[in-house]
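[1] could you work out the structure for the sequence below:
(4 chains, ligands or ions: 4)
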2 protein chains.
Amino acid sequence: MAKGDRKWRDRFRKHGLRFTEPRRVILEVLSDTIEHLSAEEIYMKVHKKHPNIGLTTVYRNLYTLERMGIVTKFHFGDGCHRYELIESNKKPDHHHHLVCTGCKRIIDYDDFMDEEIEYIKKVEKALSRKHSFHITDHVIQFYGICKKCKAA
Amino acid sequence: MAKGDRKWRDRFRKHGLRFTEPRRVILEVLSDTIEHLSAEEIYMKVHKKHPNIGLTTVYRNLYTLERMGIVTKFHFGDGCHRYELIESNKKPDHHHHLVCTGCKRIIDYDDFMDEEIEYIKKVEKALSRKHSFHITDHVIQFYGICKKCKAA
DNA sequence: TTTCTTGTTGATAATGATTATCAATAATAA
DNA sequence: TTATTATTGATAATCATTATCAACAAGAAA
Ligand SMILES: [Mn+2]
Ligand SMILES: [Mn+2]
Ligand SMILES: [Zn+2]
Ligand SMILES: [Zn+2]
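    Ligands and ions are numbered 1, 2, ... in the order given. Take a look at the predicted model:
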C-alpha cells in the first residue's frame, strides 16, 4: 500500500469501513481533477484504468464519501449532481461558484471570502435567532455568462 | 375573461403565445400557495379542479413560464425541481432560502437583504472584473435544522 | 490456518423525474 | 371561410439514480 493511502485507510476504519481498490481509484480521480465531475464522468475516468469497476460502485461510494465528509455534492442546473473533494491540493478549500449558463463552465472562487465570511456569519446569526434555525451549511452560486461565451 | 387575466393575456401575446386555460390554472395554483411546489404537486392541485389537464402540460408550461421570466425553478436537494412565482402577493419578491435538512421545510426570507444586497453587489462587481464574468443571477441557500426538528 | 462474520462489489432490474413524439384540437391570421 | 400556427393530452422514451442479490474479500475469532 502506498504511503499516503495509510491515512485514507485509517479514515475509513474509523467509520467501520474498508479502504478498497474502487474507493482508492475514485479518490484518485477526484484528487487529480480541477473539474466538477458527475458520477458518470467519474465512472468514465475510473473505467479507463480499471474497466472492472462498475458505475453502481461509483454512485455507492460517492454517497459513502459524502457521508464521511470527504466530498460534497452540488447541483448546478444541468441534469445531474457533481462532486468535489472537500480538501484538495488542486482547489481552494471552502469556496463558492460561478456558473456559466452558456457553456456550463464552473469557476471556483474564494478570493472575496473575507467579506463573504463576514457577511455569512452575520446573516447566519440573525437568521438563527429570528427563525430558531440551526445553520450547518450554505450554497452560494452566481450565474451568468463567462468570458468566452461573451466573446462568441 | 376575468379582469386580471387581461394582463396575463397581453404578457403571453408579447411572446407570441396564447393565454390558455391550463396556463391560467397553473398560474392560479402558483398564486395561491406559499409553498415551493414540484411539477407533480402542481399537477395534483391542478388536477383536482381540472382533471383533464395532463402532467405533461404542467411540465411544458412551467418551462414556458420560466422562459417568460414569470417563475423560477429551484433545486433544494430532494430529487425534484420546485417552482415559485417571481412576483407574488403571498411572498417577498426577491428572496433567499433556509432549507431544513430534517423535514425539508423551506423558509423564505428577505429580512437581511440590505446587508445581503450590499454584499452581493460588491462580490458581483469584483467577480465580474476579475473573471470577466457577466453575472445575471444568484442562488443563496442556507441549510440546517429548523425549530421543530430541533425540538423533536 | 481455518472459520465466521460482515462489508463490498458488479450485474441487473427497477424507479422516478423529466422529455420527446404525434395526432387531434383550438386560437388567430389571411 | 380557410389557412396557419400554437397547444394539448396520451403515450412512449430517456436519463440519472437506487434497490436487489448472489458472489466475493477483508478482518476478527477460534
Ligand atoms: Mn468547486
Ligand atoms: Mn421561496
Ligand atoms: Zn461560458
Ligand atoms: Zn425541519
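[2] where does chain A dip in pLDDT?
    Within chain A, the stretches with pLDDT under 70 are A:1.
[3] partners of whichever residue of chain A sits closest to DNA strand D in the sheet?
    Chain A approaches DNA strand D most closely through residue A:81 (3.4 Å), counting by Cβ to the nearest atom of the strand. Just so you know, the C-beta spots here come from the backbone N, C-alpha and C atoms, and that holds for glycine as well. Judged by DSSP bridges, the bridge partners of residue A:81 are residue A:75.
[4] so what's it up against?
    A:38-39, A:73-75 (Cβ atoms under 8 Å, 6 or more residues apart in numbering or on different chains).
[5] can I get those residues in CSV with neighbour count?
    As requested, the contacts of residue A:81 are exported to CSV (neighbours: other Cβ atoms under 10 Å in any protein chain shown):
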residue, neighbour count
A:38, 17
A:39, 21
A:73, 14
A:74, 18
A:75, 17
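[6] what's the closest of those residues to ligand 2?
    residue A:75 (16.5 Å; Cβ to the ion).
[7] where along chain A do the strands fall?
    A:37-38, A:71-75, A:81-85, A:96-100, A:106-109, A:134-145 (DSSP state E).
[8] burial of the closest residue to residue A:38 other than its chain neighbours, as a residue count?
    Nearest residue to residue A:38, sequence neighbours excluded (Cβ to Cβ, 6 or more residues apart in numbering or on different chains): residue A:80, at 4.4 Å. Using other Cβ atoms under 10 Å in any protein chain shown, residue A:80 is surrounded by 12 other residues.
[9] try residue A:151
    If you count neighbours by other Cβ under 10 Å, residue A:151 ends up with 8.
[10] how about the contacts made by it?
    No contacts exist for residue A:151 under Cβ under 8 Å, 6+ apart.
[11] near DNA strand D too, which of the contacts of residue A:81?
    A:38-39 (Cβ under 7 Å from any atom of the strand).
[12] relative to residue A:22, which of the contacts of residue A:81 is nearest.
    Nearest to residue A:22 out of those is residue A:39 (Cβ to Cβ; 13.1 Å).
[13] wait, the residue nearest to residue A:38 touches residue A:40, no?
    Yes - between residue A:80 and residue A:40 there is a contact at 7.1 Å, judged by Cβ atoms under 8 Å.
[14] residue farthest from the centroid of chain A?
    Here the centre of chain A is the reference, and by Cα atoms, centre = their mean the most remote residue is residue A:130, at 30.6 Å.
[15] touching, that one and residue B:107? I think so.
    No - using Cβ under 8 Å, residue A:130 is not in contact with residue B:107; the gap is 9.8 Å.
[16] tell me which stretches of chain A form helices.
    Shown for chain A, the helices assigned by DSSP state H span residues A:5-14, A:21-32, A:39-49, A:55-67, A:113-131, A:147-151.
[17] for the closest residue in space to residue A:140 that isn't next to it in sequence, which residues make a bridge with it?
    Excluding the flanking residues, the one nearest residue A:140 by Cβ to Cβ, 6+ apart is residue A:96, at 4.4 Å. Using DSSP bridges, the beta-bridge partners of residue A:96 come out as residue A:109.
[18] ok, residue A:96 - how many residues close by?
    Neighbours of residue A:96 using other Cβ under 10 Å come to 22.
[19] ok, it to DNA strand C distance?
    Here the criterion is Cβ to the nearest atom of the strand, to the nearest Å. By it, residue A:96 lies 24 Å from DNA strand C.
[20] pull the contacting residues for that residue.
    A:108-110, A:116, A:140-142.
[21] which of those are close to ligand 2?
    Among the contacts of residue A:96, none lies close to ligand 2 by the criterion of Cβ under 5 Å from the ion.
[22] most surrounded residue in those?
    That'd be residue A:142 among those, by other Cβ under 10 Å, with 23 neighbours.
[23] residue B:128 is in contact with that one, correct?
    No - judged on Cβ under 8 Å, residue A:142 makes no contact with residue B:128 at a distance of 9.2 Å.
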